[in-house]
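>>> sequence and predicted model, in that order:
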Amino acid sequence: MKVIDPKRIQGASSEVVRDINRRIVLNLIRTRHPISRADLSRLCGLQRSTISLIVEQLIAESWVIEGPTGRLPRGRRPTFLRLNDERVIVGVDIRPSQITVALSDANGKFTSREVIATSTDPKSAVEELIESIRRILASSRGKKVEGVGISLPGRFSHISDRLVFAPNLKWRDFDLRTPISKATGLEVELENAANACVLATVWFEHNEASRDLVVVTVSEGIGTGILMNGQLLRGYNGMAGEFGHVPLDTKGPVCGCGGRGCWEVFASNRAALRYYGEAGAANSGLTFLDLLSRADHGDVRAAKALETMAQYLGRGMRMIVAGLAPERIVVVGDLTRSWNRFGPIIEAEVRAQILPGGGMPRIDPAHEDGMARLRGTVALILQKDFGVYF
Ligand SMILES: [Zn+2]
């Protein structure tokens with residue numbers, strides 16, 4: 001019979017407690033910096049001596065540095081703590097048309113960035129990407145690089161470690177991690193773009209974070225990232241969240257996934273350009289941003305095309321609201337630049353079909369500067385050390 005040594009159990013659990021406390025303190029410093037030891041103690045209800053031990057450990061690990069000394073009444077001069085911005089992360093945002101490579105500090109502040117075109121051949125795309133990562137790393141000399149976080153326009157399987165579904169990218173069943181990890185000697189983490197945006201939202205929007213949140217990314221296609229009960233939902237083979245490929249009309253236009261009439265063929269940026277063409281306007285070579293600008297300059301057909309896209313966005317979101325009951329939906333994409341145009345239509349469409357007992361979620365545009373995916377890649381790397389989202 002197996003004998004259980006109670007001393008060992010006790011040892012293990014106190015270690016777990018220590019690890020949890022360490023992560024809580026690290027996250028408090030991350031979200032509240034600059035912060036004093038006394039404030040940390042007050043916020044997490046741990047004794048000053050315990051806080052001091054944890055802080056010393058975090059300083060020794062060079063996660064945290066001591067900043068300037070503060071001034072408080074009655075002569076107290078606390079030392080403020082903050083994250084060490086000499087620890088950096090390489091963030092990569094792969095999109096069907098372009099790849100952005102950027103260097104960020106642990107606070108999500110980007111210091112350098114470059115954009116390269118996305119090759120249709122995955123092998124040469126990865127070679128070009130590695131070259132770009134090397135150039136970015138050359139600018140980070142003397143800093144500690146935590147790893148490479150990659151946002152993908154498709155689903156990534158943590159079982160097979162491969163890109164399993166990327167209809168707008170057309171790289172089939174490809175291993176991205178191994179060549180990049182071999183070439184750089186760094187840890188590489190991959191995540192779907194919409195999931196990366198979920199991480200960015202919960203990680204960097206400290207005060208507004210919700211535990212039941214869906215991010216809808218709208219670009220060439222539509223992706224969703226789902227956070228339920230504070231956990232990222234990946235599903236079997238990483239395929240959860242493909243609402244973009246649920247058909248709204250099975251007789252609709254053909255979709256990149258091979259099906260017909262999926263939500264994204266009615267509500268993506270490409271759909272708006274198609275509506276514009278169908279209205280008799282010349283749309284060849286036109287980008288979605290051009291369309292937004294034309295609408296703003298009084299082009300009635302452009303405004304109508306965007307209105308139709310917005311209606312379909314709202315209709316598709318009804319699936320999300322009825323199925324997942326999020327507290328909040330965050331929309332990411334170029335359309336957020338014209339939120340005055342899109343927001344009210346989307347909201348009216350969703351509101352028109354709220355179930356009795358169901359609440360209307362808050363629908364917000366992401367604080368969009370095109371960096372949500374990249375910020376998500378930073379969170380993707382850091383979360384392994386920080387452990388918790390909130
Ligand atoms: Zn589809």
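Looks like it came in fine.

>>> use CA for all of it now, contacts and neighbours both
Noted.

>>> which helix is the longest one in the chain?
helix 6-32 (DSSP state H).

>>> can you spell out which helices and strands pack onto that helix?
The helices and strands touching helix 6-32, judged by 3 or more Cα pairs under 8 Å, 6 or more residues apart in numbering; DSSP states H and E, are helix 37-44, helix 48-60, strand 79-83, helix 372-386.

>>> let's see it at 10 Å
Packed against helix 6-32, as judged by 3 or more Cα pairs under 10 Å, 6 or more residues apart in numbering; DSSP states H and E, are the following elements: strand 35-36, helix 37-44, helix 48-60, strand 64-69, strand 79-83, helix 193-204, helix 372-386.

>>> remind me which residues of the stretch 251-390 of the chain are low pLDDT?
368-369, 387-390 (pLDDT under 70).

>>> can you show me the helices along it?
With helices called from DSSP state H, counting those that start in this stretch, the stretch 251-390 of the chain shows them at 263-267, 269-278, 288-296, 300-324, 339-351, 372-386.

>>> next: the stretch 101-250 of the chain.
Using DSSP H, counting those that start in this stretch, the helices of the stretch 101-250 of the chain run over residues 122-138, 177-184, 193-204.

>>> of the ones you listed, flag the one that's most buried.
When those are scored by mean count of other Cα atoms under 10 Å, the highest mean neighbour count falls to helix 193-204 (a mean of 27).

>>> coming back round to it: including distance to Ala305, could the helices and strands packed on helix 6-32 go into TSV?
As requested, the helices and strands packed on helix 6-32 are arranged in TSV below (distance: least, Cα to Cα, whole Å):
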stretch	distance to Ala305
strand 35-36	50
helix 37-44	51
helix 48-60	53
strand 64-69	50
strand 79-83	46
helix 193-204	25
helix 372-386	26
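
>>> for the ones you listed, which one sits closest to the ion?
Ranking the helices and strands packed on helix 6-32 by proximity to the ion (Cα to the ion) places helix 193-204 first, at 16.1 Å.

>>> so the closest one versus helix 6-32, what angle?
Interaxial angle of helix 193-204 relative to helix 6-32 (axes from the mean of the first three to the mean of the last three Cα atoms, to 10 degrees): 90 degrees.

>>> what mean pLDDT does helix 193-204 get?
Mean per-residue pLDDT for helix 193-204: 88.

>>> could you report the neighbour count for the residue in the stretch 201-350 of the chain positioned nearest to the ion?
At 3.8 Å from the ion, His245 is the closest residue in the stretch 201-350 of the chain, using Cα to the ion. His245 has 21 neighbouring residues, counting by other Cα atoms under 10 Å.

>>> hmm, Ser268 and it touching each other?
No: using Cα atoms under 10 Å as the test, His245 is too far from Ser268 to be in contact (11.5 Å).

>>> what is in contact with those two at once?
Common neighbours of His245 and Ser268, counting by Cα atoms under 10 Å, 6 or more residues apart in numbering, are Gly221, Ile222, Gly223.
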